[in-house]
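Asker: here is the input, now give the coordinates:
(2 chains)
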Amino acid sequence: MESNRMNRLIELLGDGHARTIRMLADELNTTESDVMRQIDYLEHIRVIRKVIGDGAPGNGCASGCGGSCGGSCNGCPSGGGNMCKSCMPDGGFKNMGQMWELVK
Amino acid sequence: MTATIALLGQPNSGKSTVFNALTGLRQHVGNWPGKTVEKKEGTFLHDGKEYAVADLPGSYSLTANSDEEEITREFISSGKADVVCILADSSQLERSLFMMADYAGINVPSFLVLNMADVAEDQGKKIDAKALEDKLGIPVIQLSATENKKYDMFFEAMNRAIENKSLINISGLKTELEKIEGFTKLEELIPDGSIENYSALWLSAKAIENDRLVIDKLKNTLAPDVIKEVDGIRGAGGGAVSTGNSKFAWIDELLAGVLQKKDDQVKLGKLDRMYLSPVWGKPAVILTILFGLIGSFIPALPFMGLGQAIGGLKAPIAEALFSAGVSEILITVICNVVLQSFSYILQMLGFVFGVVLVFGLLEEVGVMARISYVFDNSMAKLGLQGKSVMPFLISFGCTMGGAAGTRVIDNWGQKVLTIALAWAVPCGAAWSVIPMLASLFFGPGAVLVIIAILLTMVLHMWITAKIFGRKLVKTGERYGMIMELPPYHKPKWGALFRYVLGRTKDTFFRVSKVVLLVCFLFWALSYSFVPGTDPILFKIGKVIEPVTKVFGMGWQLFMAFIASSVGKEGALGVISALFNDGSFYSAFSDAMSGAGVAADLNEVLLSNVTKPEALAFIFAITFNMPCVVALAATYQETASAKWTAKIAAYYTVGALVLSTIVYHIGLLIW
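Answerer: All right, here's what the predicted structure looks like:
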């Protein structure tokens, strides 16, 4: 395993393309479980964030501004791109998998 | 009390199970002082000795990112624990050993419990706990925490750790961390014990990670010039990413020869081999959506039947009201505004029900995530996510369905932009008008007109993306996405129908308000309140004709253009009546009732409308606002009256600009 593996993962995310965990594993010459633990870690240190996951809205607007962002999640003081209730249908996103993106 | 044991581990590592197994009923639960984090403490007896246990809050690591992590660190560093039991999940050691790696360097005795040994065994994993113990220098055992009878090894490891004051051998971690630029220098600047119970290695790693609490404490401990030097080094150290790399590398080194497992690369199933194929992915996804779209008509049929039945009630109800002596104006409002609106709404609602059901089903079984993935890169060119392709395709059938389909887009700006672009896609109603008019005026050349409309659609979407995208999608907002595609599974029908019915009901109430309002407005403008006088709409039409001529439309065509904003299918009926000197009101009403076009419409149009005017009109109604129902759906999905109005105004103006251009091109040709 490379010693700068997470730097390479972050570099890959900068190119604007979507990749599955498996594709990342192939490009980084590692395993899917290794990619998953890197994702866990990068999310923990807030380098990346979850965009959609397990049908649950993000933890941005819903708790932070109470919807005062007027539906604009990008303008949400606490979310900054996370989802708020007005962006998410009740009961939707049951099985969209999980997605992560770089924190700007 | 013989000793205090602290249970440390990531969430779901089994801490609570161990805690409950050890303490039974001898436990109490409260809150950590000044925090809302749950505090669980208890005691247990072993070999006649009493031990205290603290179940520390579950946290990913020991970095001061959260209350849980701060509490955990504070408890350990305060010396309250005689030994720390670090728990890791045997079924995913590479991930869960991170807590142990983050703990390494703290000078409090510890032992490692590899929990969920049974799960790891079921996965075919073999773990050599003895080999790991030799490498780490602390007791290591495997355990299935749920099996209460197998705790002898736990007590044995605990006692050894207490007696030997066993600390983790950090030489391997040190080697990895010292690969970070300036780390060795940092260890020299921050000596062991600068903060009690922490080694120089641990403190240096946390300094690199910009750990707030460590930095603050070091500032109180070290000389200002040393702190300045520390700040300079840690700024260039690569932060938490570099220490994370080092810790994972050390974990891999520890597990080499310790963990044996099968190849964990999951083979792609047949469906995924097709959907994720660079060649077949897009065609497969397009076919899936098209079949879904066709399939969505089936559940829509009962709604359509119900809507038509309500429309059929107009005549008998009008007759009954007339017999009861109700005034004519009230009868027309009830029948031609209220009943007609609900007839129209229910028919459209059927399509919404069908679309939400079919596409909800695709999401439920896991296909939607694949669709999103396949189109992500293409949509990126418009500043959108892959998921945006679905509303576009749905909009070929019904723009309202397309707007409703944007609910799968999580980013509000991208959602609004998707709706704005979906409006450019000619809907089913438009496709019922365009070919008819095109073939009437241009014969075989109608094919060219349709091709021109499709090309204009693509250009329109591109221009619209450029105009609206600047405000809705911020520059630099687009980054690569990591997607963990969900496994395929059977749908939960109950939950799916509850969701679909909920959305349909919600749509019904919101859309009804808008449709009733707009229909009433059109009715009022086209009704002759004073017998023998022209309706307001007629008067307005005559006044504005000099302007409408610029767009290539006489006032009659322009009124039909306005009617197409309510519903495209209404446009033909309106021009039919107006060119026949008929009543605008009744023509509009009949058209919205689904009445057929006048039998002699072809002759009427050919004798009154020139080819350039016809072409201008076709483009104008195709790229005009789709219908009031789509307008209502847009408001519902965007939750913004401002943006709904902006999009509507943009399309109305855009349609007129297009018709002007097309009209003048037509004049050059004919």
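
Asker: for chain A, which segments count as helices?
Answerer: Assigned by DSSP state H, the helices in chain A fall at A:5-13, A:21-27, A:32-44, A:61-64.

Asker: from B:Ala6, how far out is the closest residue to B:Ser77 other than its chain neighbours?
Answerer: Closest residue in space to B:Ser77, ignoring its immediate chain neighbours: B:Asn197 at 4.8 Å, by Cβ to Cβ, 6 or more residues apart in numbering or on different chains. C-beta: built from backbone N, CA, C; applies to glycine. Using Cβ to Cβ, to the nearest Å, one gets 12 Å for the distance from B:Asn197 to B:Ala6.

Asker: who has more neighbours out of those two?
Answerer: Counted by other Cβ atoms under 10 Å in any protein chain shown, B:Asn197 and B:Ala6 do not tie: B:Ala6 has more neighbours, with 21 against 15.

Asker: so the more buried one, which state does it fall into?
Answerer: Under DSSP: H, G, I helix; E, B strand; the rest coil, B:Ala6 falls in the strand class.

Asker: quick check: chain neighbours aside, which residue is closest to it?
Answerer: B:Ala81 (3.7 Å).

Asker: just give me the neighbour total for that neighbour.
Answerer: 24.

Asker: what's the answer for B:His489, then?
Answerer: Count around B:His489 with other Cβ under 10 Å applied: 10.

Asker: any idea which element it lies in?
Answerer: Counting by DSSP states H and E, there is no helix or strand that carries B:His489.

Asker: any residues in contact with both of B:Asn197 and B:Ala6?
Answerer: The contact sets of B:Asn197 and B:Ala6 overlap at B:Ile76 (Cβ atoms under 8 Å, 6 or more residues apart in numbering or on different chains).

Asker: returning to what we had before: lowest average confidence across the helices of chain A, which one?
Answerer: Least confident of the helices of chain A, judged by mean pLDDT, is helix A:61-64 with a mean of 35.

Asker: now the strands for the stretch 151-300 of chain B?
Answerer: Using DSSP state E, counting those that start in this stretch, the strands assigned to the stretch 151-300 of chain B run over residues B:259-260.

Asker: could you tell me which residues of it lie near chain A?
Answerer: B:176, B:179, B:209, B:238-242, B:244-246, B:248-249, B:252, B:264-266, B:268, B:276 (Cβ under 8 Å from any Cβ of the partner chain).

Asker: one more time with 6 Å
Answerer: B:Lys179, B:Ala240, B:Val241, B:Gly244, B:Asn245, B:Ala249, B:Asp252, B:Asp264 (Cβ under 6 Å from any Cβ of the partner chain).

Asker: make JSON lines out of those residues and add neighbour count.
Answerer: Below are these laid out as JSON lines (neighbours: other Cβ atoms under 10 Å in any protein chain shown):
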{"residue": "B:Lys179", "neighbour count": "14"}
{"residue": "B:Ala240", "neighbour count": "25"}
{"residue": "B:Val241", "neighbour count": "21"}
{"residue": "B:Gly244", "neighbour count": "26"}
{"residue": "B:Asn245", "neighbour count": "25"}
{"residue": "B:Ala249", "neighbour count": "22"}
{"residue": "B:Asp252", "neighbour count": "16"}
{"residue": "B:Asp264", "neighbour count": "16"}
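
Asker: in helices only, show me these.
Answerer: B:Ala240, B:Val241, B:Gly244, B:Asn245, B:Ala249, B:Asp252.

Asker: now render the helices of chain A as CSV, adding distance to B:Ala630.
Answerer: Rendered in CSV, the data for the helices of chain A read as follows (distance: least, Cβ to Cβ, whole Å):
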stretch, distance to B:Ala630
helix A:5-13, 36
helix A:21-27, 37
helix A:32-44, 38
helix A:61-64, 27
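
Asker: who wins for proximity to B:Leu201 among those?
Answerer: helix A:32-44 (19.1 Å; Cβ to Cβ).

Asker: check contacts around B:Leu346.
Answerer: With contacts defined as Cβ atoms under 6 Å, 6 or more residues apart in numbering or on different chains, B:Leu346 is in contact with B:Phe303, B:Leu306, B:Gly307.

Asker: isn't the residue nearest to B:Ala6 right next to B:Leu8, touching?
Answerer: No: if you go by Cβ atoms under 6 Å, B:Ala81 and B:Leu8 don't touch, sitting 8.8 Å apart.
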